[in-house]
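In: only geometry, no sequence info:
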């Protein structure tokens, strides 16, 4: 049987106040996260840590995020997404308090650990809140992602400016943004906890085609986030590109990401699967294309920019597809499942690349990695139908 996505009939009208509050919250959090990521690196360097040690701190944060995401789907049956957002913002604020009052490595370790847990709770709960308050999951997520991506780009610029003045001022700025986020959460409505129906015929949430397919997209998206932030500058620098040119290429890729989000917000639900498939493949091609920077730089740059568009698709259509694939009361679990794949990529990709680089040059590693993260989505479900509908009128009753 072919897969058909049918929108929920049980959703009410758009709750504009909740959407605007969630968008403001996403802006504050993304901005604070963008600033703190750079500030913590500057602080670590100021404390005398080397690149390998800073990498270990990032790995700790990714591991904390992965560990926190796994039980979130179950936890949202007992905790409202507003409560999870309160905990996430509290953890983030506490991370900066530790940096301020505990100098040295211990403060940095605590901050990275707490921020990993904070990101897990925040991104899962903010997605569920947007989806529940929005008339269409894709449109709400697209607007949210545009705001988040824009603020994520602005954050590092602010961090660099603040670091030039005083690192402590930067730390207080991040803390102030986290506290502002807490104030926004307190003004939000606490939606009822998720109460998934017992429907043995539908099977487990993680077995639904839409959730599994969205998870593959999240895996590709997590890999792209790591590669674009860490390995793109390394690869282009090794190819004798200067900092301005590298920054311009990354900016073009991020611009394509934002444009893709605008496109996805207007996409009909019936197009989710093919568009997500294309987006995931583009992400994989962009990663593999970095292997060509030395022999075909124009091709490598073009594929990287296209992968930015693919990343925008993965960010918006992936969660939207997962949300539309399950009963409205199962969406918390669906968001947690897909998010865990992204968290797994954030944790696993740096470890795999680091281990492989001990015996191989970076070009073949990236070539294989791109195939590994983009290939599965190209063929998943393309030759045979899944067992059971993505979503049906019965599951939404």
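Out: Looks like it arrived, so ask away. Keep in mind the model is a prediction, meaning the values are calculated, not measured. Residues are numbered from 1 along each chain as shown.
In: All the helices of this structure, residue numbers only.
Out: Defined through DSSP state H, the helices belonging to the chain, from first to last, are 16-46, 51-69, 72-75, 81-101, 105-133, 137-165, 167-187, 209-226, 232-238, 243-264, 272-289, 297-324, 331-356, 362-379.
In: And the fourth one, what does it pack against?
Out: It refers to helix 81-101. helix 16-46, helix 105-133, helix 167-187 (3 or more Cβ pairs under 8 Å, 6 or more residues apart in numbering; DSSP states H and E). All C-beta atoms are positioned from the backbone trio N, CA, C, and that covers glycine.
In: which one of those helices has the most crowded surroundings?
Out: Neighbour counts averaged per stretch over the helices and strands packed on helix 81-101 are highest for helix 105-133, at a mean of 24; criterion: mean count of other Cβ atoms under 10 Å.
In: Now do that one against helix 81-101, angle only.
Out: Following axes from the mean of the first three to the mean of the last three Cα atoms, to 10 degrees, one obtains 160 degrees for the angle between helix 105-133 and helix 81-101.
In: what inclination does helix 105-133 have with respect to helix 331-356?
Out: Here the directions of helix 105-133 and helix 331-356 differ by 140 degrees (the same axes, to 10 degrees).
In: Just the mean pLDDT for helix 105-133, thanks.
Out: Average pLDDT, helix 105-133: 89.
In: swap in stretch 137-152?
Out: Average pLDDT, stretch 137-152: 82.
In: Quick check: the gap between the residue lying closest to residue 354 once chain neighbours are set aside and residue 61.
Out: The shortest distance from residue 354 to any non-neighbouring residue, by Cβ to Cβ, 6 or more residues apart in numbering, is to residue 55 (7.7 Å). The spacing between residue 55 and residue 61, counted by Cβ to Cβ, to the nearest Å, is 11 Å.
In: which residues sit in contact with residue 69?
Out: By Cβ atoms under 8 Å, 6 or more residues apart in numbering, the contact list for residue 69 reads 120, 124, 336, 339-340, 343.
In: I'd like the residues you listed laid out as a markdown table, including distance to residue 110.
Out: As requested, the contacts of residue 69 are exported to a markdown table (distance: Cβ to Cβ, whole Å):
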| residue | distance to residue 110 |
| --- | --- |
| 120 | 16 |
| 124 | 22 |
| 336 | 25 |
| 339 | 23 |
| 340 | 23 |
| 343 | 20 |
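In: quick one: which of the helices and strands packed on helix 81-101 is nearest residue 222?
Out: With distances scored as Cβ to Cβ, the stretch of the helices and strands packed on helix 81-101 nearest to residue 222 is helix 105-133 (11.5 Å).
In: how far off helix 297-324 does that closest one point, in degrees?
Out: Helix 105-133 runs at 60 degrees relative to helix 297-324, counting by the same axes, to 10 degrees.
In: Low-confidence ranges, the stretch 201-350 of the chain, go.
Out: Across the stretch 201-350 of the chain, the stretches falling below the confidence threshold (pLDDT under 70) are 201-203.
In: Residue 348 - how many residues pack around it?
Out: One way to gauge burial is a neighbour count; for residue 348, by other Cβ atoms under 10 Å, it gives 17.
In: ok, now how distant is it from residue 377?
Out: For residue 348, the distance to residue 377 equals 17 Å [Cβ to Cβ].
In: One more: residue 343?
Out: 18 Å.
In: go on, residue 340?
Out: Distance of residue 340 to residue 377, computed by Cβ to Cβ: 17 Å.
In: what's next to stretch 332-343, contact-wise?
Out: Contacts with stretch 332-343, where a contact means Cβ under 8 Å, 6+ apart, come from 62, 65-66, 69-70, 72-74, 76-77, 81, 120, 123-124, 127-128, 131, 194, 196, 205-206, 208, 211, 214-219, 221-222, 225, 318-319, 322-323, 325-326.
In: at 7 Å instead, please
Out: Counting by Cβ atoms under 7 Å, 6 or more residues apart in numbering, the neighbours of stretch 332-343 from elsewhere in the structure are 62, 65-66, 69-70, 72-73, 76, 120, 123-124, 127-128, 194, 196, 205-206, 211, 214-215, 218-219, 221-222, 318-319, 322-323, 325-326.
In: Kindly report the same for stretch 307-322.
Out: Counting contacts by Cβ under 7 Å, 6+ apart, the residues outside stretch 307-322 that touch it are 127, 137-138, 141-142, 145, 210-211, 213-214, 217-218, 220-221, 224, 253-254, 256-261, 264-265, 267, 272-273, 275-276, 279-280, 282-283, 285-287, 334-335, 338.
In: residues near residue 103, how many?
Out: So residue 103, with other Cβ under 10 Å, has 11 neighbours.
In: From residue 119, how far off is the closest residue to it other than its chain neighbours?
Out: Spatial nearest neighbour of residue 103, excluding adjacent residues (Cβ to Cβ, 6+ apart): residue 47 at 7.9 Å. Taken as Cβ to Cβ, the spacing of residue 47 relative to residue 119 amounts to 23 Å.
In: ditto for residue 61
Out: 8 Å.
In: Please apply the same query to residue 318.
Out: When Cβ to Cβ is the yardstick, residue 318 and residue 119 sit 17 Å from each other.
In: same deal with residue 252?
Out: In terms of Cβ to Cβ, residue 252 sits 26 Å off from residue 119.
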